[in-house]
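Chemist: Pasting a predicted model and its sequence here:
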Amino acid sequence: MTNKLKKIKFKTPKEYYNEAIRYYKNAKEKLKEAPVEYNRYQDLKPVREACGTCYLAVLLALDGYFFQRGVKQDKLPTSTKEVWDYLDKYLVHNGIIENAFQNAYEILHVWGYYRGAGNIHVVKAGFENAKIVIDTITKNKI
């Protein structure tokens with residue numbers, strides 16, 4: 001028996017946006033589990049989980065945006081390079097989103113999730129950049 005992972009597919013961009021917001025809120029709650037001392041998270045496991053979940057929230061919001069712009073679900077980006085290609089093609093060069101995505105990728109995905117960043121200011125900056133992307137795309141304030 002083979003288990004194949006399937007990408008989450010929703011019927012409308014709004015469903016992607018709602019899921020992105022849900023992931024973001026879950027990530028914020030997970031981050032609260034990590035004790036802080038001297039401006040550092042003392043337990044990096046919940047921090048890494050929170051950063052990974054928050055970055056996934058950004059990707060879900062972008063998937064919803066690309067889907068709204070006419071990209072078929074089976075053609076949604078599956079790599080960071082593809083996300084950048086799609087941003088160049090569909091975003092009409094919105095520097096706010098592009099820079100916030102770059103920051104979210106570096107801080108949340110690379111430093112937070114993979115490297116286990118413990119500095120609260122760095123992690124919070126990643127969350128703020130994720131919020132910028134999600135708020136701008138969904139036109140909601142989370």
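Modeler: Great, that's in hand.

Chemist: What helices and strands are in contact with the longest helix along the chain?
Modeler: Longest helix in the chain by number of residues (criterion: DSSP state H): helix 44-68. Packing partners of helix 44-68 (3 or more Cβ pairs under 8 Å, 6 or more residues apart in numbering; DSSP states H and E): helix 13-31, helix 80-90, helix 95-104, helix 120-138. Using the backbone N, CA and C atoms, a C-beta is placed for each residue, glycine as well.

Chemist: do you know which of these lies nearest Q73?
Modeler: Closest of the helices and strands packed on helix 44-68 to Q73 is helix 13-31, at 9.8 Å (criterion: Cβ to Cβ).

Chemist: Just put the helices and strands packed on helix 44-68 in CSV and tack on mean neighbour count, distance to L60 and mean pLDDT.
Modeler: Output for these, formatted as CSV (neighbours: other Cβ atoms under 10 Å; distance: least, Cβ to Cβ, whole Å; pLDDT from 0 to 100):
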stretch, mean neighbour count, distance to L60, mean pLDDT
helix 13-31, 19, 4, 97
helix 80-90, 14, 12, 93
helix 95-104, 17, 12, 94
helix 120-138, 20, 9, 96
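
Chemist: what comes into contact with stretch 120-131?
Modeler: Under the contact criterion Cβ atoms under 8 Å, 6 or more residues apart in numbering, stretch 120-131 has outside partners 24, 27-28, 31, 36, 39-41, 47, 50-51, 54-55, 57-58, 100-101, 103-104, 107-108, 111-112, 117, 142.

Chemist: what's the pLDDT at the residue nearest to Y90 when sequence neighbours are not counted?
Modeler: Of all residues beyond its chain neighbours, the one nearest Y90 is R69 (4.5 Å), with distances taken as Cβ to Cβ, 6 or more residues apart in numbering. Per-residue pLDDT puts R69 at 94.

Chemist: Phi and psi next, for R69.
Modeler: When read as degrees, to the nearest 10, the backbone of R69 gives phi -80, psi 0.

Chemist: So it is in contact with K75, correct?
Modeler: No: taking Cβ atoms under 8 Å as the definition, R69 is not a contact partner of K75, at 11.3 Å.

Chemist: I'm done for today, thanks for sticking with me.
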